[in-house]
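Colleague: Below are the sequence and a predicted model for it; my questions follow.
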Amino acid sequence: MSHGKQFTLQTHGTGANGWKIDFVLAELGLEYESKLLDFNQQDHKAPEYTNYNPNGRIPALIDHSNNDFVVWESNAIMLYLVEKYDTEHKISVSDSNDSNEKFEQLQWLFFQASGQGPYFGQAVWFMGSHSEKLLSAIERYQKETIRVLSVLDGVLSKREWLVGGKCTIADLSFIPWSHWALRSILKDYPGLDVAKDYPAFYRWHFAMLARESVAGIVAAREAALITSGIWR
């Protein structure tokens, strides 16, 4: 089968984890087509999709130039893309044997996947999608969101970027859920001023949003969230 683009990204119009892959593909100038799944129609649970991703979550990436190789799990996709296509290490660190930076990059990707995404995602769920208002759950996940911001702020108060002295996939991986934190999770949190309380995090996040490859994608996703009524 012939494909017009090198990649097909199976994703969702507002699903946070899919944004990450858009960022990397844009940063590397790689051509791709997005196939948006309809969660209301359970597209992500249908065999047409679970044949690609047995976990039934977005995103999944198909690399047509590599025998239609499929990668799922957003941070695994990010690693795949930079290891195969970022030969100049534009948004990744060197993988030389004498460098520890590869493992620093990896640890931040693990922290994002285990420490940021699940907590922020649960905050969003209990604040807007759960069948009943559980204030104790909302409070727990809002506090975990603040804790993660404090971890990032503490590190970024001593350096501009997480690893390698430049913006890498380690940094980019945090954008979507951080954006949710500022626009939704912590928007009305009593007594919290993120710009004042966590200035290093705030500076870093908005430095990434100012990147040409990021700005347009975030604007489009934000518009979709507003149109859908999720954000107001």
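Modeller: The structure has been received and is ready for your questions.
Colleague: Now do the least confident helix or strand in the chain by mean pLDDT: distance to the chain's middle.
Modeller: When the helices and strands of the chain are scored by mean pLDDT, DSSP states H and E, helix 212-227 comes last with a mean of 90. The offset between the C-alpha centroid of helix 212-227 and the centroid of the whole chain comes to 13 Å, using CA atoms, centre = their mean, to the nearest Å.
Colleague: elements contacting that helix?
Modeller: With contacts defined as 3 or more CB pairs under 8 Å, 6 or more residues apart in numbering; DSSP states H and E, the secondary structure elements packing on helix 212-227 are helix 16-27, helix 175-180, helix 199-209. C-betas here are computed from N, CA, C, even on glycine.
Colleague: and the residue nearest to residue 195 when sequence neighbours are not counted, how many residues sit next to it?
Modeller: Residue nearest to residue 195 in three dimensions, not counting chain neighbours: residue 202, with 4.7 Å by CB to CB, 6 or more residues apart in numbering. Other residues near residue 202 number 19, with proximity taken as other CB atoms under 10 Å.
Colleague: Just the pLDDT at residue 19, thanks.
Modeller: Per-residue confidence (pLDDT) for residue 19: 94.
Colleague: check contacts around it.
Modeller: The neighbours of residue 19, taking CB atoms under 8 Å, 6 or more residues apart in numbering as the test, are 175, 176, 217, 218, 221.
Colleague: same thing with residue 175?
Modeller: Residue 175 makes contact with 19, 20, 23, 205, 208, 209, 214, 218, according to CB under 8 Å, 6+ apart.
Colleague: try 6 Å
Modeller: When contacts are counted by CB atoms under 6 Å, 6 or more residues apart in numbering, residue 175 is found next to residue 208.
Colleague: Now do the SS call for residue 131.
Modeller: coil (DSSP: H, G, I helix; E, B strand; the rest coil).
Colleague: circling back: out of the helices and strands packed on helix 212-227, nearest to residue 152?
Modeller: Comparing the helices and strands packed on helix 212-227 against residue 152 with CB to CB, the closest turns out to be helix 199-209 (4.8 Å).
Colleague: helices and strands around the closest one, which ones?
Modeller: The criterion is 3 or more CB pairs under 6 Å, 6 or more residues apart in numbering; DSSP states H and E, and the helices and strands that helix 199-209 contacts are helix 135-156.
Colleague: ok, and for the helix it packs on, which residues are buried?
Modeller: Of the residues in helix 135-156, 137-138, 141-142, 144-146, 148-149, 152-153, 155-156 count as buried by neighbour count, 16 or more other CB atoms under 10 Å.
Colleague: on contacts alone, who are the packing partners of it?
Modeller: Counting contacts by 3+ CB pairs under 6 Å, 6+ apart, helix 135-156 is packed against helix 117-128, helix 199-209.
Colleague: Need the contact partners of it.
Modeller: Residues outside helix 135-156 that contact it (CB under 6 Å, 6+ apart) are 115-116, 119-120, 122-123, 126-127, 181, 185, 198, 200-201, 204.
Colleague: which element follows it toward the C-terminus?
Modeller: For helix 135-156, the following helix or strand on the C-terminal side (DSSP states H and E) is helix 169-172.
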